[in-house]
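K.L.:
no sequence on this one, just coordinates:
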C-alpha cells in the first residue's frame, strides 16, 4: 500500500493506493471515496468539503496505474502531479 498525505487549510487529507489497486481518498482520517482498479484509466475520486461558512472546496484525484501518475487538484488548481511508484 502507498499513502500520500497533504494539508489544505485546517484539514488533513491522504490518498491511498491499496495492494489491490484501489484508490482511496480520506479527509481527517475518514474514507470519503474509493475506486477499485478496473481496465479504465484514470481512476478518479473526489469530494466536496465545506471548510468555512459555505466555502466549498472540491478535492479531486486521478491515478493512471499504467504509468504511475497521480494528480491532485483543489478547486481545479494542481497541488500534486507526479509519477509515483506503481
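P.N.:
Structure received. All values reported here derive from a predicted model rather than from experimental measurement. Numbering: from 1, shown residues only.
K.L.:
Could you use CA atoms for every contact and neighbour count after this?
P.N.:
OK.
K.L.:
Quickly find the element holding residue 71.
P.N.:
strand 69-74 (DSSP states H and E).
K.L.:
What strands flank that strand, and is each parallel or antiparallel?
P.N.:
With DSSP bridges as the test, strand 69-74 is paired with strand 55-64 (antiparallel), strand 77-83 (antiparallel).
K.L.:
Could you give me the buried positions within it?
P.N.:
Across strand 69-74, burial judged by 16 or more other C-alpha atoms under 10 Å covers 69-74.
K.L.:
Export these as a markdown table, with columns for pLDDT.
P.N.:
Listed next are the buried residues of strand 69-74 as a markdown table, based on pLDDT from 0 to 100:
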| residue | pLDDT |
| --- | --- |
| 69 | 95 |
| 70 | 95 |
| 71 | 96 |
| 72 | 95 |
| 73 | 95 |
| 74 | 92 |
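K.L.:
Dump those residues into TSV; add distance to residue 30 as well.
P.N.:
Shown next, in TSV, are these (distance: C-alpha to C-alpha, whole Å):
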residue	distance to residue 30
69	24
70	20
71	20
72	18
73	19
74	18
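K.L.:
State the pair within those that is farthest apart.
P.N.:
The two members of those with the most space between them (C-alpha to C-alpha) are 69 and 74, at 17.0 Å.
K.L.:
so which of the strands paired with strand 69-74 comes closest to residue 31?
P.N.:
strand 55-64 (13.2 Å).
K.L.:
Any idea how far the closest one is from the middle of the chain?
P.N.:
Put simply, strand 55-64 sits 6 Å off its chain's centre (C-alpha atoms, centre = their mean, to the nearest Å).
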